[in-house]
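>>> Pasted the sequence and its predicted model underneath.
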Amino acid sequence: MSDVFRRQSGPFREGDRVQLTGPKGRLNTVTLEAGGSFHTHRGVLSHDVIIGQPDASVVTSTNDIEYLAMRPLLTDFVMSMPRGAAIIYPKDAAQIIGQADIFPGAHVVEAGVGSGALSLWLLRAIGASGQLNSFERREEFSEIAQSNVETFLGAKPTNWTVTVGDLQEQLPASVEPGSVDRIVLDMLAPWECIEECADALTPGGVLLCYIATVTQLSRVAEAIRATGLFTEPDSNETMVRGWHVEGLAVRPDHRMVAHTGFLMTARRLAPGSVLPELKRRASKTDFKDEDVEVWTPGALGERNASAKRLRKTAREAKAAAEAGASDR
């Protein structure tokens, strides 16, 4: 595991992914191989020129065009990797690591795995001494995620398992009750498995739900409260706005990464503990059948990729992973 992470620093080696930035700021990512080359209409850049150089070096093509060669950061990789499902953006992944208090050596459960973006962040946070159990309902998403993780890290981590199936059924069979430190849910209906998560979590453990819409947000909060097994849920969202800074021309960027999802956290109470009742203002906490209808997959806008598209994405992700493996 430590050797896998070691690949993210030091001189460039065969099998490393390198991000090349040209004179106009255009980015290209290549996997280094001895004797290989990167072809453009501006000339050819030999991989052998890059191999052995320090990270963040400037290399020159046959036409004397300079390129900045750097290893892609994890942020760069997850934004460009093959996707079967929508990814969790880096801004949300960073908040998940912080708000769920993911620490080295933690036992973490993740559902669903999607395209593997959050899995990479979690693996980095728990380190070699931690354990990550990921659950995914769709086989094709599982394959894409595992290929993406192998592509970035260079090999599949030994402390990571991916189980295909429904979390409600698979979680009790995969972990001991009270043995999990943190659970992160990125799924359409997290309220369906709150009790299973409560059984798996250690007292004081954190449950974090990544939620797309306000209707889902409401139902998850009420489901957590209804169990009586957690602290009062806390909800928030993160927005990131960049700034243009050049001399005295300092202003906000015209575009920003705004709403992508809500994060809701709650902590597992000790067995037998009863949360002190909180005084709340009157609000609509009851709901009828017609209210529940707005929480159905169709009403929530769930978009399923076609089988053809998923097969193509899985092939691309697997090819990238095999290309890196063959050069090591």
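Noted; the coordinates are in hand.

>>> Which parts of the stretch 1-150 of the chain are strands?
17-21, 27-31, 37-40, 43-46, 57-60, 66-70, 107-111, 131-136 (DSSP state E, counting those that start in this stretch).

>>> Turn those strands into a markdown table, columns for distance to E316, mean pLDDT and mean neighbour count.
Where C-beta positions appear, they are placed from N, C-alpha and C, glycine not excepted. Below are these laid out as a markdown table (distance: least, C-beta to C-beta, whole Å; pLDDT from 0 to 100; neighbours: other C-beta atoms under 10 Å):
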| stretch | distance to E316 | mean pLDDT | mean neighbour count |
| --- | --- | --- | --- |
| strand 17-21 | 14 | 94 | 19 |
| strand 27-31 | 13 | 91 | 15 |
| strand 37-40 | 19 | 93 | 15 |
| strand 43-46 | 23 | 94 | 17 |
| strand 57-60 | 27 | 96 | 14 |
| strand 66-70 | 23 | 96 | 18 |
| strand 107-111 | 23 | 98 | 25 |
| strand 131-136 | 18 | 98 | 24 |
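
>>> Kindly reformat those as TSV containing distance to A226.
Converted to TSV, the strands of the stretch 1-150 of the chain look like this (distance: least, C-beta to C-beta, whole Å):
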stretch	distance to A226
strand 17-21	46
strand 27-31	47
strand 37-40	57
strand 43-46	60
strand 57-60	57
strand 66-70	49
strand 107-111	20
strand 131-136	23
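
>>> These: which one's closest to I183?
Proximity to I183 (C-beta to C-beta) singles out strand 107-111 among the strands of the stretch 1-150 of the chain, at 4.6 Å.

>>> and stretch 36-49, how far apart are its ends?
Using C-alpha to C-alpha, to the nearest Å, the end-to-end distance of stretch 36-49 comes out at 10 Å.

>>> Any idea which of the strands of the stretch 1-150 of the chain gets closest to R83?
Among the strands of the stretch 1-150 of the chain, strand 131-136 sits nearest to R83 (C-beta to C-beta), with 13.8 Å.

>>> rewinding a little: out of the strands of the stretch 1-150 of the chain, flag the one nearest P271.
Per C-beta to C-beta, nearest to P271 of those: strand 107-111, 18.5 Å.

>>> how near is the residue lying farthest from the centre of the chain to V250?
What lies farthest from the middle of the chain is N63; by C-alpha atoms, centre = their mean that is 39.3 Å. Separation of N63 from V250 (C-beta to C-beta, to the nearest Å) stands at 37 Å.

>>> Please apply the same query to S134.
Noted for S134: a distance of 42 Å to V250, by C-beta to C-beta.

>>> Kindly report the same for G25.
Applying C-beta to C-beta, the value for G25 to V250 is 20 Å.

>>> With T260 instead?
With C-beta to C-beta as the criterion, T260 and V250 are 26 Å apart.

>>> Looking at the two, which has the bigger crowd around it?
T260 (17 against 9; other C-beta atoms under 10 Å).

>>> Am I right that that one is in a strand?
No - with DSSP: H, G, I helix; E, B strand; the rest coil as the criterion, T260 is located in coil rather than a strand.

>>> need the contact list for V58.
E66, Y67, L68, A69 (C-beta atoms under 8 Å, 6 or more residues apart in numbering).

>>> and the second one, what does it touch?
If I follow you right, that is Y67. Counted by C-beta under 8 Å, 6+ apart, Y67 has contacts L20, T21, G22, L45, V58, V59, T60, S61.

>>> Try it again at 6 Å.
Neighbour list for Y67: L20, G22, V59 [criterion: C-beta atoms under 6 Å, 6 or more residues apart in numbering].

>>> Any idea what it is bridged to?
V59 (DSSP bridges).
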